[in-house]
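1. Take this sequence and fold it.
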Amino acid sequence: MKVFAALFATLLLTTGCMSTQPKNTHLKNCEKTLQEYITYRDAQSAADYRSVFTDNATFTIPALKISLTGADDIVLRQQQAISKTKSMHMMTSANIKHVKSNLYEANSYFVLHQQAIGQPHAPTTIFNGTYEDTLIVQNSRCLIKSRQVNIIKKQVW
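-> Residues are numbered from 1 along each chain as shown. Here you go, the predicted structure:
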């Protein structure tokens, strides 16, 4: 009887671990996506940057009156921005929560340094703020479905 109870307990524990495995994997994938966004945003590759968004993603920056819909429009804005400014994005923390099924929400803090290209003595603008993201898992990939950029502080040096 003790052997049966031990086997039953092991089965329950194993089943419980297996049922949480995809959620843990998705969380890791979403964390990776947020990190890739930071890397790809300042790089030249439009394809890499586009790869972190769903096709119909939305991207808003209320303080700058920017509202974009669709990965192609988001990438177009990124390409225009990197042609005019040298930038360095840093993410200081991220809190990712499972909402339901393949849907996740994330809140993270960022710091952005920007300076006009080819003007080494131009002022540097520093933005501090938060990203509010909705992420969705599609075909084992975690993608940004919506991103709202909230600027908390802007400084010019």
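2. these two touch, right, residue 43 and residue 49?
-> Yes. Residue 43 is within contact range of residue 49, at 7.1 Å (criterion: CB atoms under 8 Å). Where you see a C-beta, it was placed from the backbone N, CA and C, and this is true even at glycine.
3. Compare these two (neighbour count), which wins?
-> More neighbours surround residue 49 than the other of residue 43 and residue 49, with 22 against 11 (other CB atoms under 10 Å).
4. how near is the nearest residue to the more buried one once chain neighbours are set aside to residue 50?
-> In this structure, residue 49 finds its nearest non-sequential neighbour in residue 40, 4.3 Å apart by CB to CB, 6 or more residues apart in numbering. Using CB to CB, to the nearest Å, one gets 9 Å for the distance from residue 40 to residue 50.
5. When these two are compared, which one has more neighbours?
-> Shown here are residue 40 and residue 50; by other CB under 10 Å, residue 40 has more neighbours (21 against 17).
6. tell me which element the more buried one is part of?
-> helix 2-41 (DSSP states H and E).
7. From the centroid of this structure, which residue is nearest?
-> Closest to where the C-alpha atoms of the chain average out (CA atoms, centre = their mean) is residue 34, at 3.0 Å.
8. ok, for that residue, nearest residue in space, not its chain neighbours?
-> residue 94 (5.3 Å).
9. wait, what's in contact with that neighbour?
-> 31, 34, 106, 107, 108 (CB atoms under 8 Å, 6 or more residues apart in numbering).
10. does the last one really touch residue 90, like I thought?
-> No. Counting by CB under 8 Å, residue 108 does not reach residue 90; the two are 10.6 Å apart.
11. hey, where'd the helices end up in the protein?
-> Assigned by DSSP state H, the helices in the chain fall at 2-41, 46-50, 71-84.
12. Check the burial of residue 139 by counting its neighbours.
-> Counted with other CB under 10 Å, the neighbours of residue 139 add up to 5.
13. how near is it to residue 133?
-> 19 Å.
14. Over to residue 117?
-> When residue 117 is compared with residue 133 (using CB to CB), they lie 28 Å apart.
15. ok, those two, which is more surrounded?
-> Each of residue 117 and residue 133 has its neighbours counted (other CB under 10 Å); residue 133 has more, 23 against 12.
16. The more buried one: what's it in contact with?
-> 34, 105, 106, 107, 108, 144, 145, 146, 147, 148.
17. likewise residue 130?
-> 107, 108, 109, 110, 149, 150, 152 are the contacts of residue 130 under CB under 8 Å, 6+ apart.
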